[in-house]
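Peer 1: sequence and predicted structure below; questions after.
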Amino acid sequence: EAGVTQFPSHSVIEKGQTVTLRCDPISGHDNLYWYRRVMGKEIKFLLHFVKESKQDESGMPNNRFLAERTGGTYSTLKVQPAELEDSGVYFCASSQARYVGYEQYFGPGTRLTVT
Amino acid sequence: GIQVEQSPPDLILQEGANSTLRCNFSDSVNNLQWFHQNPWGQLINLFYIPSGTKQNGRLSATTVATERYSLLYISSSQTTDSGVYFCAVERRYGGSQGNLIFGKGTKLSVKP
């Protein structure tokens, strides 16, 4: 069974440009989460999809970030326009169950560098 | 909201030594997971352990949910164990259930 995959593994862009990160969850997992670790700080929750619906987006920092999960499969996270403080590692995770309390499986992350 | 505190923040070991990392949390949880972030930034699942004890090779973990703490044991440490170890919990009550709340991590350096 394939794990959570993320693309690209590393992205370097200039301030003001747009970047789109992609996450493919484990097949059959309805729950998909985005997290990020910036500036060596702790890892923070961004948002949670249940299938194609946004269950919780309380962690999204501002309206420069847009997440989608069309068809309830893969998800994209777009940053437009990117700022220097957006640099960090963006993680995607998925879990299978409808109910809370189940293990989340994390992808390898996308390292975003904004110059 | 729930607080997750990890200790120590930094740890330097000689190869072959044993260590214990601690995670305290301030409220009841549905889920607790331990992760290792390697030097390349990848986050590796170590344990899903909301309660009880688990072992995987040189690593083991124990969570005492009633006392709101978890311990990660590393035995016979190797240089490849270096990196940051994170504890993360999912709160049982209140809003935003489902998402994990991470501690600040323990940075482990294993010297050859």
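Peer 2: Sure thing, it's come through. Numbers count the residues shown, from 1 in each chain, chains lettered A, B, ... in the order given.
Peer 1: going by C-alpha atoms from here, please, whenever you check contacts or count neighbours.
Peer 2: Fine.
Peer 1: need the contact list for the nearest residue to residue B:24 once chain neighbours are set aside.
Peer 2: The spatial neighbour of residue B:24 that comes closest, neighbours along the chain excluded (Cα to Cα, 6 or more residues apart in numbering or on different chains), is residue B:69 at 4.4 Å. With contact set as Cα atoms under 8 Å, 6 or more residues apart in numbering or on different chains, residue B:69 has these partners: B:22-25, B:63.
Peer 1: chain A contacts on chain B?
Peer 2: Counting by Cα under 8 Å from any Cα of the partner chain, the positions of chain B adjacent to chain A are B:30-31, B:33, B:41-45, B:48, B:90, B:96-105.
Peer 1: swap the cut-off to 6 Å and go again
Peer 2: Along chain B, the residues adjacent to chain A under the rule Cα under 6 Å from any Cα of the partner chain are B:30-31, B:42-43, B:98, B:102, B:104.
Peer 1: where in chain A is pLDDT low?
Peer 2: Applying pLDDT under 70 to chain A flags residues A:1, A:98-101.
Peer 1: residue contacts, residue B:36?
Peer 2: Remark: with contacts taken as Cα atoms under 6 Å, 6 or more residues apart in numbering or on different chains, residue B:36 is in contact with B:43-44, B:84-85.
Peer 1: what about it, helix or strand, and which?
Peer 2: If you go by DSSP states H and E, residue B:36 is part of strand B:29-37.
Peer 1: which residue ranges of chain B form strands?
Peer 2: For chain B, the strands defined by DSSP state E cover B:4-7, B:10-14, B:19-25, B:29-37, B:43-48, B:52-56, B:59-64, B:69-74, B:83-91, B:101-102, B:106-111.
Peer 1: between the last one and strand B:19-25, how many degrees?
Peer 2: To tie it back to what came earlier, the one meant is strand B:106-111. Between the direction of strand B:106-111 and that of strand B:19-25, the angle (axes from the mean of the first three to the mean of the last three Cα atoms, to 10 degrees) works out to 170 degrees.
Peer 1: how about strand B:106-111: buried residues?
Peer 2: Along strand B:106-111, these residues count as buried under the neighbour rule (16 or more other Cα atoms under 10 Å in any protein chain shown): B:106-110.
Peer 1: returning to what we had before: quick check: of the residues of chain B next to chain A, which lies closest to residue A:112?
Peer 2: Comparing these against residue A:112 with Cα to Cα picks out residue B:42 as the nearest, at 13.0 Å.
Peer 1: surely that closest one touches residue A:108?
Peer 2: Yes - taking Cα atoms under 6 Å as the definition, residue B:42 is a contact partner of residue A:108 at 4.7 Å.
Peer 1: give the full set of residues in contact with residue A:64.
Peer 2: The neighbourhood of residue A:64, defined by Cα under 6 Å, 6+ apart, consists of A:79-80.
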